[in-house]
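Enquirer: I need the structure of the sequence given here:
(chains A, B and C)
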Amino acid sequence: MLLSAVTIATDIEVAQTIGFGIIAAMMIAGALNVVISKNVVHAALSLVMVMAGASAQYLLLAAEFVAVTQVLVYIGAVMVLFLFGVMLTRAKLGRDTDLNNEKGWMLALPIALLLLGVMSFVLIKGFDDTRISGSGEGKIGGAANVLLSDRIFSTYALPFWALSFVLLAAVIGGIVLARKD
Amino acid sequence: MLINEFLLLGAVLFCIGVYGVIARKNAVLVLMSIELILNSVNINLLAFDRLNGGNDGAVFALYIIAVAAAEVGVGLAMVLLIFRNRKTISLDDLSEMKG
Amino acid sequence: MGWFLEHAWLIPAIPGAAFALIILIGKRMPRGGSEIGIASMLAALVLSAGAAYQWIEHVNSSDGEAEAVLNRWEWFRIGDLKVSIGSHLDGLAVMMLLLVAFISTLVQIYSTEYVRGDRRYTHYFASITLFSAGMLVMVLAPNMVQLLLGWEIMGLCSFLLIGHWWEERVNSEAALKAFWTVRVGDMGLLVGIAMLLSIFHTLEIGEINEAAASGDFDSKRLLMWAAVALFIACIGKSGQFPLHTWLPDAMAGPTPVSSLLHSSTMVVGGVFLVARLYPVFHVGLDMNILGQHFNLIAVIGGITVLIAAGLAFVQNDIKRVLAYSTVSQLGYMMMGLGVGAWTAAVFHIFTHAFFKCCLFLCAGSVAHTGSHHSFDMKKDMGGLRKSMPITFAAWIASTLALCGIPFVSGFFSKDEIIDSAKHNDYKVFYLVGIIGAFMTTAYMTRATYLTFFGKARGAAAHFVHELEHEHKTTHDSPWPITVPLVILGLLAIFSGYLNAAPFKWHWFERWTESAIGLPLGEGIFALPHPPEFSWTSAAPGLVLVAAGFAVSLLLCRAVFGSETSPLRGLTERNIALRAGHKFLVNKYYLDALYEKVIVHGIAYPISRAAYWTNQHIIDAVVNTVGKAGRRTGDLVYKYIDQLLVDGAVNGSGTTARGAGGALQPVQSGKVNMYGALLFGAAAVGGLVLVLVNS
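Expert: Residues are numbered from 1 along each chain as shown, chains lettered A, B, ... in the order given. As a prediction, the model looks like this:
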């Protein structure tokens, strides 16, 4: 009985790992396309893919509220903003050769690789094969969301207020900057 | 599942974002690269959240999403303003701050 | 307990909601949003009246001390500290609610005519509604945080309203001055609240008062500093000496705003705070210097009474006379609180609100109809009593009240303050009080004479001439202006009878004194009992009032009465008088002190010092480093490179040019480069940390 429970757990884990791998590959491909694509609209659409993938990863991490917010805010709002930005600045809709700095990659690639190297080393050395505990049971469903909202409106109420001021300032700033007069 | 799977994914996305910030010239694309960086941070936060079994990480992930939305709003407004005044959004041409 | 008392939170909430409505749909309404504002203030007035009625019932039905009615919800929590929002109703709060709602309603009705056709009509009503809401929030506050909230809402709205016509530079500067001066005081409020929290471990006003009155705290010294900090806030808000300079400049706003600001909101806020936290101030500011017990509040109040009254003599702008008069009357209230006459001071808030509001509205009515939007008494007014009878009557009624003529409202409140000063061993302040009464009568006589008597001048002459042309004798302002004037004029006369000491009528005292947490009864800090009224103790003050009236009238007739008067222009001819006049016109040089001495004297040297440091020290360091680098480079070049390597590496010469040249490309101005530097540095930094730690 106990044994079968363990095997089921591992089965789920295998499925999760496979799912993770596919989504991660998709995200990395999308992210790469964002930074090397020669077409601004393609870059934006690839970004959508990365965002959607991130949302899926949040689900795997048992944070469904954040996942839904990610879809709503990023894919729903931020991406539309980006597409508006692309259109209003009259970017070329086809291929555009003038998107990158000349020889920019010669500077960017070493820095990015160095950073990646350092971070990977630290992560692998630091967390080695630490496992995420359990299957996230008790964290999924309504109760978890109640806990989350309790946290936001009690312990983290002050940053929440600060954030609302930031958003207000951003709204006003956006209007002031972008309006014509 | 290993926590490192998520953390390494975050690291890779972060570095791709860094690459974009440095290599891209188009202002909108630079902003998109910044979004990549912010998302990678969120993945890390949620992974650690899951590891530690609280939900502080989720709270801050939500806050980061809100801040990112504000950042995009103001950033794109600035880009629009620059475009209106200069007819270009190439960051190469914006070097008045040169020392 | 009563529905109105339980639902008092609606009173500020309705104007607050009305503010949002006016902003959102005000412009599309047929009357530009003013109807929403007036309706909300009327609703607040009805609710306050209901609350007042039930409060009186509550007080009458309870034997002895009535309980305050508290209604609180948790607002937020920081650690263990729970901050609530809600309503705290006691006598003072109920009285202020009724006062604010009443005055605001009248002022808004008046405004519909006064600012008719203004380009920011809707915004005006939005701001003024929020302004009243802010005062109501503050009045109802059960704790210091809500009080701060209301206090700051008022600060913001006063800025918006004073600068309503911001196109003129003077107005926007006046608004800024008001904002910054009050802000200096607000720092005191923040510090004071923090200190109260550390002393009493709570922010609830009721609990603080109770603890302070019963001596339930560790350090009296700490309490004194907390009270000083809070009192600085009151000085800033209530325009007390030495932060009174912003109030007269605040006259730049529309007249109804001045009247609201000066009668029941904003400037009364400071006095209200002292009255609200009275035990804290009473115990904390109780000084003992050279064996003489006195309260610091009384000192500041007393100084303000005289200083402001002196300034009111030399003003030509009618609104400025009234502004200084307000400052001086606020000084009376502070003085009353300082000498321990809590009820008298609060009663003076009550009566003063009616007559000062009325005086301002009269001034506005004169300017609106009679003098073509000019407030200059010497140039554009005079002789208006016959052509504007309603305005004149209201003005006279409230002037009598302000001067403290017997059986008019101001007499009952002011005389009780002065009497209490004498009774409670503040002899000097008794003198200050009656001299202040003398000066008040004198400058009000001057203002009345210049505005309504004598020959019509400038715009007023034009107005009177036009009337004669149309064969009319009177042409007063339209009804939205005159109706509030009449109501306020009547109240200026009769509101005093609520607490008329000569007749032993003490309703006001019974109703407002309840549940404040005043240190009544016995004990070291117990409040003295109010003195028994007697005509003999009131007589010296009354004699001086009469003298002030007579002297001022004679002088006015002599100076302004005829063109050929020998006294005319005396202040220009006589050296001593000219010096005195100039001293007063320049407001005791306090503005100059603030601007020239404090701002220029402190800020400029600091910035100069910073500049000097920058130029000499930092530059010198940089230059030295550069030179040293260069010299090292030179040495390297001369001896090592030239002698040893001997030109083997030509490129090494470039390194000798010093660090400056090498770093210049870094400041490329390109965002990407900065990004690269940032992330590159982070990567390298991380790498170094990893290498060091492994």
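
Enquirer: Outline the domain layout of the chain.
Expert: You didn't say which chain, so I picked chain A. Following automatic domain parsing, chain A resolves into domains at A:1-95, A:141-181.

Enquirer: my bad, the chain I had in mind was chain C
Expert: If you go by automatic domain parsing, chain C breaks into C:297-513+C:525-570, C:610-693.

Enquirer: ok, how many other residues are close to the residue in the stretch 301-450 of chain C that chain B sits nearest to?
Expert: At 40.6 Å from chain B, residue C:373 is the closest residue in the stretch 301-450 of chain C, using CB to the nearest CB. Glycine gets a C-beta too; all of them are placed from N, C-alpha and C. Residue C:373 is flanked by 11 other residues according to other CB atoms under 10 Å in any protein chain shown.

Enquirer: Please name the residues that touch it.
Expert: For residue C:373, the contacting residues are residue C:367, by CB atoms under 8 Å, 6 or more residues apart in numbering or on different chains.

Enquirer: on that earlier part again, ok, of the domains of chain C, where does mean pLDDT dip lowest?
Expert: Of all these, domain C:610-693 carries the lowest average pLDDT, namely a mean of 68.

Enquirer: Phi, psi for the residue nearest to residue C:452 when sequence neighbours are not counted please.
Expert: Excluding the flanking residues, the one nearest residue C:452 by CB to CB, 6 or more residues apart in numbering or on different chains is residue C:385, at 4.1 Å. With angles defined as degrees, to the nearest 10, residue C:385 sits at phi -70, psi -30.

Enquirer: which residues touch residue C:385?
Expert: Taking CB under 8 Å, 6+ apart, we find residue C:385 in contact with C:392, C:452-453.

Enquirer: One more: residue A:113?
Expert: Neighbouring residues of residue A:113 by CB under 8 Å, 6+ apart: residue B:15.

Enquirer: re the thing from before, so which of the domains of chain A is the most packed in?
Expert: When you average the neighbours per residue for each of the domains of chain A (mean count of other CB atoms under 10 Å in any protein chain shown), domain A:1-95 leads with a mean of 18.

Enquirer: in the strand or helix carrying residue C:83, what's buried?
Expert: Using DSSP states H and E, residue C:83 sits within strand C:81-89. For strand C:81-89, the neighbour count (16 or more other CB atoms under 10 Å in any protein chain shown) marks C:83-89 as buried.

Enquirer: With distance to residue A:157 as extra columns, can I get those in a markdown table?
Expert: Shown next, in a markdown table, are these (distance: CB to CB, whole Å):
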| residue | distance to residue A:157 |
| --- | --- |
| C:83 | 10 |
| C:84 | 14 |
| C:85 | 13 |
| C:86 | 18 |
| C:87 | 22 |
| C:88 | 23 |
| C:89 | 27 |
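
Enquirer: And the helices in chain A, which stretches?
Expert: Here chain A has its helices, by DSSP state H, at A:2-36, A:40-60, A:64-69, A:79-88, A:104-127, A:142-153, A:157-178.

Enquirer: Turn these into TSV, columns for distance to residue C:221 and mean pLDDT.
Expert: As requested, the helices of chain A are exported to TSV (distance: least, CB to CB, whole Å; pLDDT from 0 to 100):
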stretch	distance to residue C:221	mean pLDDT
helix A:2-36	63	80
helix A:40-60	56	91
helix A:64-69	51	90
helix A:79-88	57	87
helix A:104-127	53	89
helix A:142-153	39	82
helix A:157-178	32	89
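
Enquirer: With distance to residue C:407 as added columns, please give those helices in CSV.
Expert: As requested, the helices of chain A are exported to CSV (distance: least, CB to CB, whole Å):
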stretch, distance to residue C:407
helix A:2-36, 84
helix A:40-60, 78
helix A:64-69, 70
helix A:79-88, 71
helix A:104-127, 86
helix A:142-153, 58
helix A:157-178, 54
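
Enquirer: Can you tell me which of these is nearest to residue C:269?
Expert: helix A:157-178 (24.5 Å; CB to CB).

Enquirer: is the closest one anywhere near chain C?
Expert: Yes - Helix A:157-178 is in contact with chain C by CB under 8 Å from any CB of the partner chain, via A:157-158.

Enquirer: relative to helix A:142-153, how tilted is that helix?
Expert: Angle of helix A:157-178 versus helix A:142-153, following axes from the mean of the first three to the mean of the last three CA atoms, to 10 degrees, is 70 degrees.

Enquirer: what packs against the helix or strand hosting residue C:223?
Expert: Element membership for residue C:223 (DSSP H and E) is helix C:220-237. Judged by 3 or more CB pairs under 8 Å, 6 or more residues apart in numbering or on different chains; DSSP states H and E, helix C:220-237 is in contact with helix C:169-200, helix C:267-276, helix C:278-284, helix C:296-312.

Enquirer: Make TSV out of these and add mean neighbour count and distance to residue A:148.
Expert: TSV is the format used below for the helices and strands packed on helix C:220-237 (neighbours: other CB atoms under 10 Å in any protein chain shown; distance: least, CB to CB, whole Å):
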stretch	mean neighbour count	distance to residue A:148
helix C:169-200	19	30
helix C:267-276	27	40
helix C:278-284	26	41
helix C:296-312	24	50
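
Enquirer: and the residue nearest to residue C:91 when sequence neighbours are not counted, what is it in contact with?
Expert: Of all residues not flanking residue C:91 in the chain, residue C:512 sits nearest, at 3.5 Å (CB to CB, 6+ apart). Residue C:512 makes contacts with C:91-92, C:94-95, C:343, C:346-347, as judged by CB under 8 Å, 6+ apart.

Enquirer: Check residue B:59 too.
Expert: A:148, A:151-152, A:156.

Enquirer: and what of residue C:82?
Expert: residue C:74.

Enquirer: For it, give the beta-bridge partners.
Expert: residue C:77 (DSSP bridges).

Enquirer: measure it to residue C:386 for me?
Expert: Counting by CB to CB, to the nearest Å, the separation of residue C:82 from residue C:386 is 63 Å.
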